[in-house]
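Peer 1: how does the following fold in three dimensions:
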Amino acid sequence: MDMLWSGWGDPAKAAPLPENVIGLLRDFLGVKPRSTAPVALEDIAVPEPGLEPAAREALAAAVGGEAHVRTDAESRVRHTRGKSTPDLLRIREGEVDDIPAAVVLPGGHDEVLAALRACAEHGLAVVPFGGGTSVVGGLAPSRRGPFVALDLRRMNRLLALDPVSRTATLQPGLRAPDAEALLAEQGFTLGHFPQSYEWASIGGFAAARSSGQASAGYGRFDEMVLGMTVATPEGTVDTGRAPRSAAGPDLRQLLLGSEGAFGVITSVTVRIRPVPATCVYEGWRFDSFEAGAAALRRLAQDGPRPTVMRLSDETETLIGLAQPDAIGAGQQSVGCMAIAGYEGTEEDTSYRRERAAAVLRACGGTPLGEEPGERWAHGRYSAPYLRDSLLDAGAFVETLETATFWSGVPELYASVRDALNGTLTEAGTPPLVMCHISHVYENGASLYFTVVSAQGDDPLPHWEKAKRAANEAILAAGGTISHHHGVGTDHRDWYVREAGPLGIEALRAVKRRLDPAGLLNPGVLLPLD
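Peer 2: Residues are numbered from 1 along each chain as shown. Take a look at the predicted model:
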């Protein structure tokens, strides 16, 4: 099943907003209903592919036949850009100026290599395409010329599983739910559950350094990766002969997070863990975001660390976004909602839960029982659908995220909020800015912001200005430009500043060696030469 072309996920799961929520949007943010409906797919003016017959023949020969090279309008529209709010607003208006010339579906590593050679021969740029869930312009190359979307969906198998070493080798086009199902048949799990879980792919997780909602217990995806095979226009790179090595710099870390700019990931070897015998999620209340953050820091640094650790600020808690499937319900008391989740054996889960509860109480937390936690777990993938409903109602909603060391969290939190509030209010669309912590480490944490405002007459320029201000605030406060969404084109110019001139030149040298014609995802991650 394909994802909704003009929104997120399964269309059957999208639901209109309740009337009370629409009223709140109108009364507090000045949101007005849309005056026109989004354009229908069949009404989009799709340009001709612009693919030379010789190029099409070469691509078909590379991937096993004409059936695996698609140039029909619908396939190309479905592979245009990603799923950020600007992406969706543009596609809903029928704007497809950066549509791929073709969608190419290789069936394995050798076919990816052959497709890259064909693209090099015919001067076609290549955008690797997994689940299509990028929200940072990762599927929107800067190059203005014909390019192909290299859709990896046919590469969707579990290649190997080693129960002794607890490793699995997966193909990149395998969607996360399918990967979990295949692993569960043999008693294992990845434990990687980002908000994009239902639609994202294994290759995309590695290419963007994804982080799941249970990262406190299972780690980030880049921490799970033990080896990768990567196809480039110049040949194959294999990494990872052992769980750890002192044999020079770790090439895995160079390719993880490279967003298709250095090569196409064709297999990933990951560590796996036994399916947990029990999963328990519970809610806690703190008087303030500061108090809740201090409690999470205590657990992250001194333990015992829950598998899931989340903290919503006062605004997010009040609105009810801590539990997206109950949006608008809000909370009966002021303060901040925290979610703590425990997965593992019954004995270990009970032990960690009891000890963690003592720490949370000592930090001022009030237990709310399992009901808030179970409601969060039930609605953990609902927020993107909620965004679509808000867009349908005339609201603008977008997210951004960052991370910093614990000592820098208060300044980063305040700086980004001020930047978003100031620029959007100045534009005449005063926003509601919410934030939560969802990934914690011994030394720091991530901050994930959600912004809701009226769309106004011209929402994209308003958001671009606000996004620039937020990016500047992130760098000024010492944060990283992205914790888990990636760089794409949206963050590229700020990533250049974060990495520094010499660092960027080193990465350019890598790209020139692996992709000398600059065909792979041009303008994503690195500026064009």
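Peer 1: for the rest of this, base every contact and every neighbour count on C-alpha atoms.
Peer 2: Noted.
Peer 1: ok, what's across the strand from T189?
Peer 2: R273 (DSSP bridges).
Peer 1: these two touch, right, it and E180?
Peer 2: Yes. T189 is within contact range of E180, at 5.9 Å (criterion: Cα atoms under 8 Å).
Peer 1: neighbour-wise, which of those two wins?
Peer 2: Applying other Cα atoms under 10 Å to T189 and E180 shows that T189 carries more neighbours, namely 22 against 19.
Peer 1: so what pLDDT did the more buried one get?
Peer 2: The model reports T189 with a pLDDT of 98.
Peer 1: so what's it up against?
Peer 2: E180, L183, I272, R273, P274, V275 (Cα atoms under 8 Å, 6 or more residues apart in numbering).
Peer 1: is L420 in a helix, a strand, or coil?
Peer 2: Of the three states, L420 takes helix under DSSP: H, G, I helix; E, B strand; the rest coil.
Peer 1: what pLDDT does it get?
Peer 2: 98.
Peer 1: count of residues packed around it?
Peer 2: Using other Cα under 10 Å, L420 has 26 neighbouring residues.
Peer 1: so it sits against A469, correct?
Peer 2: Yes. Assessed by Cα under 8 Å, L420 is found in contact with A469 at 7.0 Å.
Peer 1: Serialize the contacts of T189 to CSV and add fields for pLDDT and distance to E346.
Peer 2: Below are the contacts of T189 laid out as CSV (pLDDT from 0 to 100; distance: Cα to Cα, whole Å):
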residue, pLDDT, distance to E346
E180, 98, 21
L183, 98, 21
I272, 98, 19
R273, 98, 15
P274, 98, 13
V275, 98, 12
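Peer 1: who wins on neighbours among these?
Peer 2: If you count neighbours using other Cα under 10 Å, the busiest of the contacts of T189 is I272, which has 22 neighbours.
Peer 1: would you map the strands across the stretch 401-529 of the chain?
Peer 2: With strands called from DSSP state E, counting those that start in this stretch, the stretch 401-529 of the chain shows them at 432-437, 444-454.
Peer 1: hey, which of those is tucked in deepest?
Peer 2: strand 432-437 (a mean of 24; mean count of other Cα atoms under 10 Å).
Peer 1: between it and strand 444-454, how many degrees?
Peer 2: Interaxial angle, strand 432-437 versus strand 444-454 (axes from the mean of the first three to the mean of the last three Cα atoms, to 10 degrees): 160 degrees.
Peer 1: so for strand 432-437, mean pLDDT?
Peer 2: The pLDDT scores in strand 432-437 average 97.
Peer 1: packing partners of that strand?
Peer 2: Secondary-structure packing of strand 432-437 (3 or more Cα pairs under 8 Å, 6 or more residues apart in numbering; DSSP states H and E): strand 308-312, helix 314-319, helix 409-426, strand 444-454.
Peer 1: now the third one: buried residues?
Peer 2: Spelled out, it's helix 409-426. By 16 or more other Cα atoms under 10 Å, the buried positions in helix 409-426 come out as V409, E411, L412, Y413, S415, V416, R417, A419, L420, N421, T423, L424.
Peer 1: which residues touch the second one?
Peer 2: Going back to what we said before, that points to E411. Listed by Cα under 8 Å, 6+ apart, the contact set of E411 reads A477.
Peer 1: what about L520, how many neighbours?
Peer 2: 29.
Peer 1: could you look up the SS state of L24?
Peer 2: Three-state assignment for L24 (three-state DSSP): helix.
Peer 1: distance of it relative to T423?
Peer 2: Using Cα to Cα, to the nearest Å, we find L24 at a distance of 22 Å from T423.
Peer 1: how about Y413: what's its closest non-neighbour residue?
Peer 2: Nearest non-adjacent residue to Y413, counting by Cα to Cα, 6 or more residues apart in numbering: L447, 7.2 Å away.
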